[in-house]
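*Asks:* from the sequence below, what's the structure:
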Amino acid sequence: MAKQEASVDELVGMINRGELRLPEMQRRYVWRSTRVRDLLDSLYRGYPSGAILLWETDEAVPLQEMAVSQQTNPFQSTRLLLDGQQRLTSLSAVIRGESVKVRGRKRPIELLFNLDHPDELALVTEVNEEGEDDDLTDDETDSSEDELQKRFNRMTFVVATRKLEQLPQWVKVTDVFKTDSDAGFLKRAGVSGFDDPNYERYSQRLARLRGIRKYIYRMDVLERTLSYDEVTEIFVRVNSLGAKLRSSDLALARITAKWPTSLKIFEDFQQSCTKTGFELDLGLLLKNLIVFATGQSRFLTVGSLRLAALQTGWTESCSGMEFALNFLKNNVGIDSPGLLSSPFMLITVAYHGYKRQYDLSPQESEQLRHWVLVANAKGRYSRGSSETLLDQDLTTLRGGGNAKELVDRLRQQVGRLDIAPEELVGRNQRSALFKTMFLAFRAAGAKDWRSQVAIALDHSGSHHRLQFHHIFPKAVLKAGYTAREADDIANLCFIGGKTNRQISDKPPVQYFPPLVEKAGLAAFEAQCIPTDPSFLGADAYKAFLQQRRVLVAKRLNEFLGA
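*Replies:* Numbers count the residues shown, from 1 in each chain. Presented below is the predicted three-dimensional model:
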């Protein structure tokens, strides 16, 4: 294996010219803007950023498109990118000012650079490695503009917002890479001449930012003599040892090695699911394939499966998943994966339909609906090893069991199937019960308090887009309660973005009366919110939580049929 070096500029040029391509075994580009922000910050500071793994080959290897545009490479010999795709795609998009294709949609990566950032690293950012977004959006108004601005001022790079773009010390990263002239950036930042105290400081920082293009990556290059199967094995082993990829990504590499061009088949079905409102991770569809091919969910078995078994399993798994999506949307009322406590719920429903040959009696259908709702509320696959619990349910179904047996197994796991008020204590927006609370409130006709638009996940426009709102805003509780206590599930409800912003940090004793006068008590009763003035002062917060937990638990049990 040869070792070489290349600058970021050289690597971006190779991508642009089509000299560096992506083999089918690779997963798609998945990074979110926050990950790119932190990569830029690391390179800006000269921190290590790992190596790049390439394979030079003349072999006709199945390829896939990169998330950024590439020219056609006129030469047969190609360098294939085995490790480093996320980093290099991100850098290519930012430096070239190109949009990237993420989850089927083209979008720009818009980052801002703070010319006036602190000299020392002042803020360590935390990034969700899974990169999952929740469909239920937090209420950003709980942090005042001053608090947010202070936080941003301590950062070097941020994901762009319209407000920050207007501030003179923040510059667009892509714009800096497009020119070697500092004049426009310095003038906008109020630097009037060479004698300005910020002239040298800002100029040096812009040069340091552009210096990212000269950052040197070490490249490990695999020999041309290796076969595609051998390279696939190396890819799997390297990423297994480094824990850089999920097991589903490694399974995809093995599957595409046995079944060339299958990635396009998988992604076409993934796109069809997205059109129904369920944007599913490709890894979930591959796990469903393994379930239908083997009767269990572990990817460890993929290496022993023959091509015919993979192809048959895929066909049957697609039929099962279509059944599951239709059942959840139309029989259960779950119309988004964001309302599931675990996506594994889909696999169990899919396999149940398959084992019953999609021929369910009305009673069986109702039992399956009941299991979905209660298992979702109780977080069936979040109470231990998710795959172990999934395999237990698959074993039940494989042995001829049905939804009644699934309910019995769930009862063994969680005890009582109803929701007690005490079960809500200490829960927050990440709890499975929060998603069920939304379903129950929606079923009860909950609406935004001002627009009277029914709550839903797919509203368009920032005014109506659903947010979860702290009934007692965090600013009101700051003096006597922790952030954890403020985030209690009993302090959360669902309203539109404009209403949330208008309420801002007002206490409920102040903003409830005009809303009740306009919309009536029904708007609050639909979300089990006490309106008695004795519960609405900050000093009554704990009493408010206790009272609302009783009301919410009662509503949830009615909804679940528990």
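*Asks:* does Asn428 belong to a helix, a strand or coil?
*Replies:* Using DSSP: H, G, I helix; E, B strand; the rest coil, the structure places Asn428 in coil.
*Asks:* gap between it and Asp487?
*Replies:* 4 Å (C-beta to C-beta, to the nearest Å). To be clear about C-beta, it is placed using only N, CA and C from the backbone, and glycine gets the same treatment.
*Asks:* how about the residue in the protein that sits furthest from its center?
*Replies:* Largest separation from the mean C-alpha position in the chain: Asp195, at 47.5 Å (C-alpha atoms, centre = their mean).
*Asks:* element containing that one, please.
*Replies:* Taking DSSP states H and E as the definition, Asp195 sits outside all helices and strands.
*Asks:* isn't Leu43 right next to Val8, touching?
*Replies:* Yes - contact criterion C-beta atoms under 8 Å: Leu43 and Val8 qualify, at 7.5 Å.
*Asks:* which residues are common contacts for those two?
*Replies:* Common contact partners of Leu43 and Val8 (C-beta atoms under 8 Å, 6 or more residues apart in numbering): Ile212, Tyr215.
*Asks:* for Leu339, grab the count of nearby residues.
*Replies:* Neighbour count for Leu339, taken as other C-beta atoms under 10 Å: 21.
*Asks:* quick one, strands of the stretch 201-350 of the chain?
*Replies:* In the stretch 201-350 of the chain, the segments counted as strands under DSSP state E, counting those that start in this stretch are 216-222.
*Asks:* could you list the low-confidence segments of it?
*Replies:* 239-246 (pLDDT under 70).
*Asks:* circling back: of Asn428 and Asp487, which one has the most company?
*Replies:* More crowded of Asn428 and Asp487, by other C-beta under 10 Å: Asp487, with 21 against 16.
*Asks:* could you list every residue that touches the more buried one?
*Replies:* By C-beta under 8 Å, 6+ apart, the contact list for Asp487 reads Asn428, Gln429, His470.
*Asks:* again, 6 Å this time
*Replies:* The contact partners of Asp487, taken as C-beta atoms under 6 Å, 6 or more residues apart in numbering, are Asn428.
*Asks:* look at it and report its pLDDT.
*Replies:* What the model reports as pLDDT for Asp487 is 92.
*Asks:* re earlier: phi and psi next, for the residue farthest from the centre of the chain.
*Replies:* Backbone dihedrals for Asp195, given as degrees, to the nearest 10, come out at phi -90, psi 0.
*Asks:* just Gln4 next, same as before
*Replies:* phi -130, psi 170.
*Asks:* I'd say it and Arg218 touch.
*Replies:* No - the pair Gln4 / Arg218 is not scored as a contact, 7.7 Å apart, by C-beta atoms under 6 Å.
*Asks:* quick one on the thing from earlier: tell me the confidence at the residue farthest from the centre of the chain?
*Replies:* Reported pLDDT for Asp195: 90.
*Asks:* now swap in Gln467 and tell me
*Replies:* So, for Gln467, pLDDT stands at 74.
*Asks:* could you give the number of residues near it?
*Replies:* Counted with other C-beta under 10 Å, Gln467 comes out at 21.
*Asks:* with the one 10 residues further on instead?
*Replies:* By the measure other C-beta under 10 Å, the count of residues near Leu477 is 21.
*Asks:* that one: what's it in contact with?
*Replies:* Ala486.
*Asks:* I'd like to know how far it sits from Leu226.
*Replies:* 61 Å.
*Asks:* quick one: the strands in the stretch 1-150 of the chain?
*Replies:* 2-7, 20-23, 52-57, 63-64, 78-83, 100-102, 105-107, 111-114.
*Asks:* for the protein, name the helix or strand with the lowest mean pLDDT.
*Replies:* Of all helical and strand segments in the chain, the minimum by mean pLDDT, DSSP states H and E falls on helix 145-153, at a mean of 71.
*Asks:* immediately after it, which helix or strand?
*Replies:* Immediately after helix 145-153, counting by DSSP H and E, sits strand 157-159.
*Asks:* list the buried residues in that following strand.
*Replies:* The neighbour-count check on strand 157-159 (16 or more other C-beta atoms under 10 Å) flags Phe157, Val158 as buried.
*Asks:* what is the mean pLDDT for that strand?
*Replies:* Mean predicted confidence for strand 157-159 is 93.
*Asks:* which residues sit against that strand?
*Replies:* Strand 157-159 has contacts (C-beta under 6 Å, 6+ apart) with Ser33, Arg37, Leu40, Asp41, Leu111, Leu112, Phe113, Phe152.
*Asks:* now with 7 Å?
*Replies:* Ser33, Thr34, Arg37, Leu40, Asp41, Glu110, Leu111, Leu112, Phe113, Phe152, Leu164 (C-beta atoms under 7 Å, 6 or more residues apart in numbering).
*Asks:* doesn't Thr156 make contact with the fifth one?
*Replies:* Spelled out, it's Asp41. Yes - using C-beta atoms under 7 Å, Asp41 is in contact with Thr156, at 5.6 Å.
*Asks:* quick check: Tyr217 touching Asp9?
*Replies:* No - counting by C-beta under 7 Å, Tyr217 does not reach Asp9; the two are 10.8 Å apart.
*Asks:* counting neighbours, go ahead and name the busier of the two.
*Replies:* A count of neighbours by other C-beta under 10 Å puts Tyr217 above the other of Tyr217 and Asp9, at 20 against 15.
*Asks:* who are the neighbours in contact with that one?
*Replies:* Glu5, Ala6, Val8, Leu11, Ala51, Ile52.
*Asks:* ok, now with 10 Å
*Replies:* Counting by C-beta atoms under 10 Å, 6 or more residues apart in numbering, Tyr217 makes contact with 4-8, 10-11, 43, 49-52, 84, 87-88, 91.
*Asks:* re the thing from before, look up the residues that both of Tyr217 and Asp9 are in contact with.
*Replies:* Common neighbours of Tyr217 and Asp9 (C-beta under 10 Å, 6+ apart) are Leu91.
*Asks:* shared neighbours, Gln4 and Arg218?
*Replies:* What both Gln4 and Arg218 touch, as defined by C-beta under 10 Å, 6+ apart, is the set Ile52.
*Asks:* buried stuff in stretch 266-276?
*Replies:* In stretch 266-276, counting by 16+ other C-beta under 10 Å, buried: Phe266, Phe269, Gln270, Cys273.
*Asks:* next one: the last one from Pro62, what distance?
*Replies:* Separation of Cys273 from Pro62 (C-beta to C-beta) stands at 23 Å.
*Asks:* go on, Leu368?
*Replies:* Taking C-beta to C-beta as the measure, Leu368 falls 39 Å from Pro62.
*Asks:* just Val176 next, same as before
*Replies:* In terms of C-beta to C-beta, Val176 sits 38 Å off from Pro62.
*Asks:* how about Asp487?
*Replies:* Distance from Asp487 to Pro62, by C-beta to C-beta: 47 Å.
*Asks:* go on, Val550?
*Replies:* 59 Å.
*Asks:* pull the distance from stretch 431-443 to the chain's centre.
*Replies:* 19 Å (C-alpha atoms, centre = their mean, to the nearest Å).
*Asks:* can you mark which positions in it are buried?
*Replies:* Ser431, Ala432, Leu433, Phe434, Lys435, Thr436, Met437, Phe438, Leu439, Ala440, Phe441, Arg442.
*Asks:* show me those residues that map onto helices.
*Replies:* Those of those mapping onto helices are Ala432, Leu433, Phe434, Lys435, Thr436, Met437, Phe438, Leu439, Ala440, Phe441, Arg442, per DSSP state H.
*Asks:* which ones are touching the second one?
*Replies:* Leu433 is in contact with 341, 376-379, 419, 423-424, 427, 440, 489, 552-553, 556, counting by C-beta under 10 Å, 6+ apart.
*Asks:* next, format the buried residues of stretch 431-443 as a markdown table and append pLDDT and distance to Ala519.
*Replies:* Output for the buried residues of stretch 431-443, formatted as a markdown table (pLDDT from 0 to 100; distance: C-beta to C-beta, whole Å):
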| residue | pLDDT | distance to Ala519 |
| --- | --- | --- |
| Ser431 | 90 | 28 |
| Ala432 | 91 | 30 |
| Leu433 | 94 | 26 |
| Phe434 | 93 | 23 |
| Lys435 | 93 | 25 |
| Thr436 | 95 | 25 |
| Met437 | 95 | 20 |
| Phe438 | 94 | 19 |
| Leu439 | 95 | 22 |
| Ala440 | 95 | 20 |
| Phe441 | 95 | 15 |
| Arg442 | 94 | 17 |
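*Asks:* no further questions, thank you.
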